[in-house]
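In: Here is my input; please provide its structure:
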Amino acid sequence: MSKVYLVGAGPGDPELVTLKGRRVLQQADAVLYDHLAPRELLELVPPQAERLYVGKKRAVHAVPQEEICRMMIERARRGLTVVRLKGGDPLIFGRGGEEAEALAEAGIPFEIVPGVTAPLGLAAYAGVPLTHREHTSAVTFVTGHELRRIDWERVGRNETLVIFMGLTTFGQIAAELMARGRSPDTPAIAVRWATRRDQQTLVGTLATLPRLIQEHRMKPPATIIVGEVVRLREKLNWFERLPLFGRRVVVTRAREQAGELATRLRDLGAEVIELPTIEIRPAADYGPLDRALACLGSYDWLIFTSANGVRFFLERLDASSTDLRALKARLCAIGPATRQALEALHLKVDLMPEEYVAESLVRAFASEDLAGKRILLPRAAVARDVVPAELRRRGAYVDVVEAYRTEPPAHLATHVREIFGTQPKPQWITFTSSSTVKNFMEAGGAGLLEGVRIASIGPVTSATVRRFGLEVAAEARPYTVEGLVAAILAASPRA
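Out: Residues are numbered from 1 along each chain as shown. Below you'll find the model as predicted:
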């Protein structure tokens with residue numbers, strides 16, 4: 001018999017899960033997750049682990065509560081490590097207490113891992129502190145599901161009132177509070193998907209917020225706060241003032257490379273949709289690269305045009321009978337990401353062009369005597385021939401070998417249609433290579449990008465975009481992730 005962990009997933013932002021929550025997810029054999037648990041957290045789960053959706057939306061229960069308990073108990077008795085992943089905190093209106101009771105009665109070992117509950121996330125990300133010396137000395141949490149069970153006479157006098165699951169009944173709740181003496185002018189706020197990049201906020205008063213909820217057709221899940229602390233939002237609302245808040249940005253880089261760009265955009269408030277349009281795969285034939293590695297010491301220059309080239313070159317070197325001690329060549333990196341990949345190996349880069357494109361790389365060799373020099377260029381299977389052609393013209397012997405290849409991911413067309421085939425579309429799509437552009441166009445066509453702004457990492461990628469009859473709204477300069485983010489910021493005027 002193993003153990004069951006009741007884990008709070010937090011209010012929506014996947015980075016708000018606790019370190020212990022992350023650790024137990026990484027050790028799980030089975031995960032039973034709710035509708036409100038961030039799906040990104042499932043990426044932490046081992047690939048072989050069982051993933052079971054047992055979530056509940058309002059009035060729609062995928063699996064009855066009794067069945068959820070039975071599923072946890074049965075798997076634990078089989079010796080599995082089970083994680084019950086719940087939105088917010090398991091013990092605050094999350095039925096975690098009921099599930100813990102069922103486990104205890106069945107003799108199943110369990111642990112409860114707390115999570116950031118929705119009101120705490122709302123307080124931080126909407127600028128509404130639940131406590132403040134000048135405004136409140138009491139906070140009450142209530143559920144909006146069963147109004148008759150709440151003593152509104154007593155609750156109505158509390159300074160800060162937090163209402164879970166009360167969006168559809170808030171009109172009745174507000175009427176109850178005002179009937180018992182709470183001022184109609186008491187500030188009130190409703191927040192949907194608190195802490196997420198699509199956070200939606202409505203601010204009013206006890207008298208006006210019910211109407212605002214109806215007019216804006218706000219839907220659950222949402223949390224409501226009533227009290228004077230809501231007035232502080234105007235001063236403390238940092239999250240919704242981030243420069244890219246409210247903008248949905250599609251990142252088309254390969255999944256293993258998308259992290260840096262996605263994180264930078266999220267830090268600026270954007271809702272990032274990862275849509276890899278390329279997959280990085282091993283070379284179809286490693287014979288040429290293996291033969292080059294066998295005589296690695298004979299090369300005068302080793303040129304890398306991507307961090308992927310460095311990674312696959314090193315992986316193949318590790319599989320060979322030699323190692324980096326055979327390397328006598330000087331090193332050239334096309335840009336800072338490639339340079340960083342080499343420096344991580346404690347290798348010094350001898351040459352890097354001012355601009356991170358093939359033409360600039362060729363210019364960087366202008367002062368070098370290349371006559372009779374041997375150059376190794378490990379790169380993608382399909383790439384422009386500008387560099388090897390020019391270096392050969394100057395007298396160098398250039399071996400171009402395939403280190404990896406890029407191909408469209410499976411089901412790309414389906415994923416493209418899911419994101420761009422419905423309204424509203426994302427505001428931005430980013431392209432970081434010509435391959436990302438071509439694969440997207442083949443999967444969905446240029447028509448899907450009508451009304452979507454395009455951000456390109458550089459002139460070569462931009463030229464590919466224009467060949468499909470589309471305009472580039474933002475082009476990176478320098479041609480890096482930071483440059484791409486800066487270009488999007490510059491082309492995104494603040495509301």
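In: Go ahead and confirm residue 448 touches residue 416.
Out: Yes - with contact defined as CB atoms under 8 Å, residue 448 reaches residue 416; the gap is 6.7 Å. Placement of C-beta: from N, CA and C, glycine included.
In: Neighbour count for those two, which is higher?
Out: The residue with more neighbours, out of residue 448 and residue 416, is residue 416; 22 against 18, by other CB atoms under 10 Å.
In: residue contacts, the more buried one?
Out: Contact analysis of residue 416 by CB atoms under 8 Å, 6 or more residues apart in numbering lists 275, 440, 443-444, 448.
In: thinking again about what came up before, could you name every residue contacting both of residue 448 and residue 416?
Out: Joint contacts of residue 448 and residue 416 (CB under 8 Å, 6+ apart) do not exist.
In: Emit the ChimeraX select command for whichever of the contacts of residue 416 are buried.
Out: Buried subset of the contacts of residue 416, written as a ChimeraX selection, criterion 16 or more other CB atoms under 10 Å:
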select :275,440,443,444,448
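In: would you list the contacts of residue 416 in a markdown table and tack on secondary structure?
Out: Formatted as a markdown table, these follow (DSSP: H, G, I helix; E, B strand; the rest coil):
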| residue | secondary structure |
| --- | --- |
| 275 | coil |
| 440 | helix |
| 443 | helix |
| 444 | helix |
| 448 | helix |
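In: which among the contacts of residue 416 gets closest to residue 295?
Out: Using CB to CB, residue 440 comes nearest to residue 295 of those, at 39.8 Å.
In: Would you check that that closest one makes contact with residue 277?
Out: Yes - at 4.8 Å, residue 440 counts as touching residue 277 under the criterion of CB under 8 Å.
In: Next up, phi/psi of residue 131, please.
Out: Per-residue torsions, residue 131: phi -130, psi 150 (degrees, to the nearest 10).
In: returning to that earlier point: any idea which of the contacts of residue 416 is the one closest to residue 218?
Out: Distances from residue 218 to those, taken by CB to CB, are shortest for residue 275, at 27.8 Å.
In: Once you drop chain neighbours, what's closest to the closest one?
Out: The shortest distance from residue 275 to any non-neighbouring residue, by CB to CB, 6 or more residues apart in numbering, is to residue 250 (5.2 Å).
In: Could you measure from that neighbour over to residue 109?
Out: 44 Å (CB to CB, to the nearest Å).
In: okay, those two: which has more neighbours?
Out: residue 250 (24 against 12).
In: Go ahead and confirm that one touches residue 431.
Out: No - at 9.5 Å, residue 250 does not count as touching residue 431 under the criterion of CB under 8 Å.
In: First-to-last residue distance for stretch 106-115?
Out: Start-to-end span of stretch 106-115 (CA to CA, to the nearest Å) is 25 Å.
In: same thing with stretch 360-380?
Out: End to end - CA to CA - stretch 360-380 spans 19 Å.
In: quick one: common contacting residues for residue 440 and residue 277?
Out: Shared contacts of residue 440 and residue 277, defined by CB under 8 Å, 6+ apart, are found at 252, 412.
In: Tell me if I am right that the residue nearest to residue 275 is in a strand.
Out: Yes - using three-state DSSP, the assignment for residue 250 is a strand.
In: Is it bridged to anything, and to what?
Out: On the basis of DSSP bridges, residue 250 takes part in beta bridges with residue 273, residue 429.
In: so what's it up against?
Out: 272-275, 419, 426, 428-430, 452.
In: Identify the farthest-apart pair in the residues you listed.
Out: Across those (CB to CB), the longest gap, 15.9 Å, separates 274 and 452.
In: which stretches of the protein have low pLDDT?
Out: Scanning the chain for pLDDT under 70 picks out 1, 56-61, 494-495.
In: Output the contacting helices and strands for the longest strand along it.
Out: Longest among the strand segments of the chain by residue count, using DSSP state E, is strand 397-407. For strand 397-407, the contact count by 3 or more CB pairs under 8 Å, 6 or more residues apart in numbering; DSSP states H and E identifies strand 279-282, helix 287-294, helix 307-319, strand 374-380, helix 386-393 as packing neighbours.
In: Give me the buried positions along the shortest one.
Out: Which is strand 279-282. For strand 279-282, a neighbour-count test (16+ other CB under 10 Å) marks 279-280 as buried.
In: What lies in contact with that strand?
Out: 254-257, 308, 312, 404-409.
In: now these: which count as buried?
Out: 254-255, 257, 308, 312, 404-406, 408.
In: List just the nearest of those to residue 68.
Out: residue 255 (31.3 Å).
In: Do I have it right that the closest one meets residue 274?
Out: Yes - using CB under 8 Å, residue 255 is in contact with residue 274, at 6.8 Å.
In: and the helix or strand hosting residue 23, what does it pack onto?
Out: Counting by DSSP states H and E, the element that carries residue 23 is helix 19-26. Secondary-structure packing of helix 19-26 (3+ CB pairs under 8 Å, 6+ apart): strand 4-8, strand 82-86, strand 110-113.
In: Let's see that with 7 Å instead.
Out: strand 4-8, strand 110-113 (3 or more CB pairs under 7 Å, 6 or more residues apart in numbering; DSSP states H and E).
In: most tightly surrounded among those?
Out: strand 4-8 (a mean of 27; mean count of other CB atoms under 10 Å).
In: That one to helix 19-26, inter-axis angle?
Out: 130 degrees (axes from the mean of the first three to the mean of the last three CA atoms, to 10 degrees).
In: Could you list the paired strands of strand 4-8 along with their orientation?
Out: Here, using DSSP bridges, strand 4-8 pairs with strand 82-86 (parallel), strand 110-113 (parallel).
In: Now the longest one - C-alpha only, PDB.
Out: This file holds the C-alpha atoms of strand 82-86, laid out as PDB (Å, rounded to 0.1, in the frame of the first residue of the first chain):
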ATOM      1  CA  VAL A  82      -1.800   8.800  -5.800                       C
ATOM      2  CA  VAL A  83      -2.100  12.600  -6.100                       C
ATOM      3  CA  ARG A  84      -5.500  14.200  -5.800                       C
ATOM      4  CA  LEU A  85      -4.900  17.600  -7.500                       C
ATOM      5  CA  LYS A  86      -7.500  20.200  -6.400                       C
END
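In: Run through who's touching that strand.
Out: 4-9, 24-25, 28-34, 37, 41, 72, 75-76, 94, 96, 99 (CB atoms under 7 Å, 6 or more residues apart in numbering).
In: repeat for stretch 4-22
Out: Here stretch 4-22 has contacts from 24, 37-38, 40-41, 44, 72, 76, 82-90, 96, 99-100, 103, 108, 110-118, 121, 193-196, using CB under 7 Å, 6+ apart.
In: which among these end up buried?
Out: Using 16+ other CB under 10 Å, the buried ones in the contacts of stretch 4-22 are 24, 37-38, 41, 44, 72, 76, 82-90, 96, 99-100, 103, 108, 110, 112-118, 121, 193-196.
In: ranking the helices and strands packed on strand 397-407 by burial, who's on top?
Out: Of these, the one with the most neighbours on average (mean count of other CB under 10 Å) is strand 374-380, at a mean of 22.
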